[in-house]
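Colleague: Got a sequence here, can you model it:
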Amino acid sequence: MNIEQQLEALELKSQETKIYLKCLEKGESKLSQICKELKMARSTVKYSLEKLQKQGLLNIVQKNSSQLYVALPPKNIISTLRSRKEKIDEQIENVQDLLPQLNQIYSSSSHEPKVRYFKDKEIKMIYEEILDSPIDETLFIGEMDKTAEVVGLNYLKSWMKRRSELKIKTRAIRVRKGEFSDPIVNSDSKKYLRSVRLAPENFESPNHIIIYGNNVATISTTKENFGFVITSKEYATTMKNLFKEVWKNSSLS
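Modeller: A predicted model of the protein is given here:
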């Protein structure tokens, strides 16, 4: 990737990149000089120069009777990106504060069920949504080894910690053959607000299911690597009742 392509990756358009590099090369330039050397329309160059000034990449100074465009040190690109990052971080925080209210509006906006599909890395978005939902419990059915493969063991353990910090309890029906030893995944159930039972013999669940609020998430193995969430009060109620029946027939060890 050449220097122009890299600067364009910073959200500079092609003509803005060329104008910025020309100003860097010249040190200070008149509008007419830039237009002539780059063979661009005066209106295009003037607009681009004003935009570059707003981004903190050049200054417009008056010298005698001429207006000159002076490129600022390239390190200002870093300052511009940091300012942009700070603004994005602030926006993310503001939206995070609003998520509970937005989720409430979203879940109650219609009586019609909603189905959403997730693929590959998007699957973690389901887990993040669970933590942002106005719930106090999740219901889980599945094989823990396959769950850990799909989202990654480190992410899963971090998610479990965050869930417990948010005081969201979980009841889990796990498949015996999918169990594995890990201090966070399998121990200290009181600390992690977790109640676990092992499914009846010969019970198989290649996909794992998480029921939360009026949502039912179904997540496949890494072989198929997809997930979907159905938002429906009636469907969630049906799945909760099925969970209760399997829970009754599951053992503590």
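Colleague: From the contact counts, what lies against the helix or strand containing Tyr155?
Modeller: Tyr155 belongs to helix 153-165 when assigned by DSSP states H and E. When contacts are defined as 3 or more C-beta pairs under 8 Å, 6 or more residues apart in numbering; DSSP states H and E, helix 153-165 packs onto helix 123-132, helix 144-151, helix 183-186. All C-beta spots, glycine's among them, are computed from the backbone N, C-alpha and C.
Colleague: tell me the most buried of the ones you listed?
Modeller: Highest mean neighbour count of the helices and strands packed on helix 153-165: helix 144-151, a mean of 19 (counted as mean count of other C-beta atoms under 10 Å).
Colleague: just to revisit the earlier point, of the helices and strands packed on helix 153-165, which approaches Leu24 most closely?
Modeller: Comparing the helices and strands packed on helix 153-165 by their distance to Leu24 (C-beta to C-beta), the top pick is helix 123-132, with 41.1 Å.
Colleague: Now the helix or strand following the closest one: buried residues?
Modeller: Remark: after helix 123-132, the chain's next helix or strand is strand 137-142, criterion DSSP H and E. For strand 137-142, burial by neighbour count (16 or more other C-beta atoms under 10 Å) applies to 138-142.
Colleague: Okay, angle between strand 137-142 and helix 123-132 too, please.
Modeller: Angle, strand 137-142 to helix 123-132, by axes from the mean of the first three to the mean of the last three C-alpha atoms, to 10 degrees: 150 degrees.
Colleague: Each with direction, which strands does strand 137-142 pair with?
Modeller: strand 169-174 (parallel), strand 208-212 (antiparallel) (DSSP bridges).
Colleague: Next one: the most centrally placed residue in the chain from Leu52, what distance?
Modeller: Among the residues of the chain, the one closest to the centroid is Met125, at 6.4 Å (C-alpha atoms, centre = their mean). For Met125, the distance to Leu52 equals 36 Å [C-beta to C-beta, to the nearest Å].
Colleague: where in this structure is pLDDT low?
Modeller: Within the chain, the stretches with pLDDT under 70 are 1-2, 4-10, 104-111, 187-188.
Colleague: Walk me through the domains of it.
Modeller: 3-77, 113-248 (automatic domain parsing).
Colleague: Reformat those into JSON lines and put distance to Gln96 next to each item.
Modeller: Shown next, in JSON lines, are the domains of the chain (distance: least, C-beta to C-beta, whole Å):
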{"stretch": "domain 3-77", "distance to Gln96": "24"}
{"stretch": "domain 113-248", "distance to Gln96": "8"}
